[in-house]
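Engineer: Mind looking at a prediction? Sequence and model below.
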Amino acid sequence: MAVTLKVTDGEHGEWAVLHVLGEMDLVTSPVLRQRVHDAVADGRRSIVLDLSGVVFCDSSGVGVLIATRRLIRSCRGELRLILPADGAETPAGRAGDGGNGQGAHVNRVLGALGVRRLFDVHPDVISAVDGAPDKAEQAGPLSA
């Protein structure tokens with residue numbers, strides 16, 4: 001079985017929304033890294049990464065997320081992640097997860113590594129582009 005990652009572009013107001021589907025690993029993570037760099041090169045400084053369709057994420061994928069955070073911060077931009085709650089099921093029909101909560105994998109990986117608090121996390125695109133972080137899951141600020 002081939003490892004795949006699909007990244008599709010979208011917009012929501014001033015926000016560039018990148019929908020990520022598949023597996024983020026050593027082979028596929030550079031696809032996401034390049035798409036983020038392309039968005040920044042196009043002048044986008046407000047970026048949402050919708051990771052609800054990611055079914056697997058290894059250290060390479062986490063590295064891309066941390067590098068993305070660093071890049072966006074260096075541009076004085078904003079990065080927000082869409083991550084389903086740990087173990088929660090997402091609504092049926094959501095892009096890439098078939099309603100079985102697979103997108104929660106990234107949430108669990110980031111939590112296990114202790115880096116989830118570095119990110120502004122939201123449950124869906126609407127809450128991500130509208131404002132406040134998911135305070136129930138967010139720890140205090142931490143620089144990296």
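Structural biologist: Okay, I see it.
Engineer: Neighbouring strands - and their directions - for the longest strand along the chain?
Structural biologist: Using DSSP state E to define each element, the chain has its longest strand at strand 46-57. Sheet pairing here is set by DSSP bridges, and for strand 46-57 it gives strand 15-24 (parallel), strand 78-82 (parallel).
Engineer: export the ones you listed to a markdown table and tack on mean neighbour count?
Structural biologist: C-betas here are computed from N, CA, C, even on glycine. What follows is the strands paired with strand 46-57, written out as a markdown table (neighbours: other C-beta atoms under 10 Å):
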| stretch | mean neighbour count |
| --- | --- |
| strand 15-24 | 22 |
| strand 78-82 | 23 |
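Engineer: Tabulate those (JSON lines), appending mean pLDDT and distance to residue 37.
Structural biologist: JSON lines is the format used below for those (pLDDT from 0 to 100; distance: least, C-beta to C-beta, whole Å):
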{"stretch": "strand 15-24", "mean pLDDT": "95", "distance to residue 37": "11"}
{"stretch": "strand 78-82", "mean pLDDT": "96", "distance to residue 37": "13"}
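Engineer: okay if I get the ones you listed as JSON lines plus distance to residue 106?
Structural biologist: Compiled in JSON lines, the strands paired with strand 46-57 are given as follows (distance: least, C-beta to C-beta, whole Å):
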{"stretch": "strand 15-24", "distance to residue 106": "8"}
{"stretch": "strand 78-82", "distance to residue 106": "8"}
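Engineer: Nearest approach to residue 63 belongs to which of these?
Structural biologist: Distances from residue 63 to each of the strands paired with strand 46-57 were compared by C-beta to C-beta, and the smallest falls on strand 15-24, at 9.6 Å.
Engineer: can you pull out the helices in the chain?
Structural biologist: Using DSSP state H, the helices of the chain run over residues 29-41, 59-74, 104-113, 125-130.
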